[in-house]
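Asks: sequence plus the predicted model coming up.
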Amino acid sequence: MAGSALFYALATAYPAGEPEVEQVVERSGVTPGRRWRWLRPLADRYVQAKAGGARPRHRDVVQFLREDRGFHRTCAKYFDELPVPHRLVAPQRMLPVAAGPASQNREAHHDFRAHPEGRVGYVETINPAKATRLRAILERIVWP
């Protein structure tokens, strides 16, 4: 694919923080060296496609970019305009995001709380003292 360095750099930059259009544009603007006008529409399409779901993984972003026709047209149109130093991109730093139990529910299970409770229940059958400590930690979690 034309622009594969740009492709993989954007696929790394997009999930590196909150999925909000402004933040995605800011992170992805570092990749090609400036804020190209095509970054905002691409970020809009990305945020709309991933809205309401679990936090996207790198592979989700790769799939989105592979399927996005606008991104393919952009690569074909602007690839020659990207200077060589901007094609050689440094890895993006991961930015902190909201933590909590919802951030760990990557597969969007409807009753995610039952999973760690079940694990503690299993530990209880093997080591009741350890299960007591784990249950105390589990009770401190603020569930949504």
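Replies: Received the coordinates, thanks.

Asks: so what touches stretch 62-69?
Replies: With contacts defined as CB atoms under 8 Å, 6 or more residues apart in numbering, stretch 62-69 is touched by 7, 10-11, 42, 45-46, 49-50, 56, 71. C-beta: built from backbone N, CA, C; applies to glycine.

Asks: and the residues you listed, which two are furthest apart?
Replies: The span of those, defined through CB to CB, is set by 7 and 50 at 17.2 Å.

Asks: what does the domain assignment say about the chain?
Replies: Using automatic domain parsing, the domain ranges for the chain come out as 4-87, 101-140.

Asks: for the last one, buried residues please.
Replies: Of the residues in domain 101-140, those with enough neighbours to count as buried (16 or more other CB atoms under 10 Å) are 105, 112, 116, 120, 123, 131, 134.

Asks: from these, which land in helices?
Replies: Cross-referencing these against helices under DSSP state H gives 116, 120, 123, 131, 134.

Asks: if we ignore the residues flanking it in sequence, what's nearest residue 40?
Replies: Once flanking residues are discounted, residue 40 sits nearest to residue 25: 5.4 Å by CB to CB, 6 or more residues apart in numbering.

Asks: the one you found contacts residue 37, doesn't it?
Replies: No: taking contacts as CB atoms under 8 Å, residue 25 lies outside contact range of residue 37: 10.4 Å.

Asks: who has more neighbours out of those two?
Replies: Applying other CB atoms under 10 Å to residue 25 and residue 37 shows that residue 25 carries more neighbours, namely 18 against 9.
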